[in-house]
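Asks: Dropping a prediction and its sequence here:
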Amino acid sequence: MSDRWGRLAPLTGVLFGVLVVVAVFTNSSETPKASASAAKVAAYYAEHRSEVETSGILFALAFLVLVLFAGALRSYLRRTAAAEGLGALVLAGAVLMAAGALGGSGLEYGLAHNLHDLSDETVKTLNFVSSELFLPVLAGGFLFGVCSGLAILRGAALPKWLGWVAIVIGIAVLVPPASFPALLAFVIWSIVAAILMYLRSGGSVGATSTSAAEPA
């Protein structure tokens, strides 16, 4: 049973991607900028309360699942001795991303859910903080992308092109005009990597079982 769950663990990357897509479509409106007035922020959260609450919960779940996927990816990378240390940094990047995403989603949920109990100054402050909490997501995305890419290039059993794409994504998240498209690319990369890890892990297990069954 444990072997079966171990083989299914990489598919958390697919679940992460699905949750992000659903969260984005649940609330596709643009949140107020950090410099927005209290009146503008209050009007936005009053109008989009249910969408913000739902997407906030989905985003929180998505990034918790991302940490699980990063753990599965780390275990996969540890099969290659040269990539073992990089796997720990991949997991650290995912934790950093999750911390930023959970903090931002929590503040947005709190704003929408408790809007009528907050003063104008509090509304403006919370909106500012939730906007700035996006920075840990970018920093974590850089660590995750670059380190996983380097690990793949150093011999992990995944296509080399997947490693180069991860490095490009990791660098791009730190470039403001490309940050959002890079994060979308990161979601797609996670889905592709998850499927490849699952297929290759299954093949390895199958091959090992076949070899063990063969007479000496």
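Replies: Yes, it's here. What you see is a predicted model; the values in this text were computed from it and never measured.
Asks: all strands for the chain, in order.
Replies: Ranges of strands within the chain: none, based on DSSP state E.
Asks: low-confidence ranges in it?
Replies: Scanning the chain for pLDDT under 70 picks out 1-5, 81-82, 202-216.
Asks: quick one, helices of it?
Replies: For the chain, applying DSSP state H gives helices covering 2-8, 12-26, 38-47, 49-77, 84-113, 120-132, 134-153, 160-172, 179-213.
Asks: Tell me which other helices or strands the second one touches.
Replies: Other helices and strands packing on helix 12-26, by 3 or more C-beta pairs under 8 Å, 6 or more residues apart in numbering; DSSP states H and E, are helix 49-77, helix 179-213. Where C-beta positions appear, they are placed from N, C-alpha and C, glycine not excepted.
Asks: now for those helices, which one comes closest to Arg7?
Replies: Shortest distance between Arg7 and the helices and strands packed on helix 12-26, using C-beta to C-beta, is found for helix 179-213: 5.3 Å.
Asks: one step back: need the winner for burial among the helices and strands packed on helix 12-26.
Replies: Neighbour counts (mean count of other C-beta atoms under 10 Å) averaged over each of the helices and strands packed on helix 12-26 peak at helix 49-77, with a mean of 21.
Asks: can you give me the angle it makes with helix 84-113?
Replies: For helix 49-77 against helix 84-113, the angle by axes from the mean of the first three to the mean of the last three C-alpha atoms, to 10 degrees is 170 degrees.
Asks: before we move on, the earlier item: what about the helices of the chain, which gets the closest to Pro32?
Replies: helix 38-47 (4.7 Å).
Asks: now what about the closest one, what contacts it?
Replies: The contact list for helix 38-47 (C-beta atoms under 8 Å, 6 or more residues apart in numbering) reads 29, 31-32, 36, 52, 108, 111-112, 115, 120-121, 123-124, 127.
Asks: 10 Å instead, please
Replies: Applying C-beta atoms under 10 Å, 6 or more residues apart in numbering, the contact partners of helix 38-47 are 29-34, 36-37, 51-53, 108-116, 118-128, 130.
Asks: now stretch 21-29
Replies: Defining contact as C-beta under 10 Å, 6+ apart, one finds that stretch 21-29 is touched by 44, 47-48, 50-63, 105, 108, 112, 184, 187-188, 191.
Asks: separation between the nearest residue to Ser179 once chain neighbours are set aside and Val24?
Replies: Leaving out its chain neighbours, the residue that sits closest to Ser179 by C-beta to C-beta, 6 or more residues apart in numbering is Val173, at 5.4 Å. Taking C-beta to C-beta, to the nearest Å as the measure, Val173 falls 17 Å from Val24.
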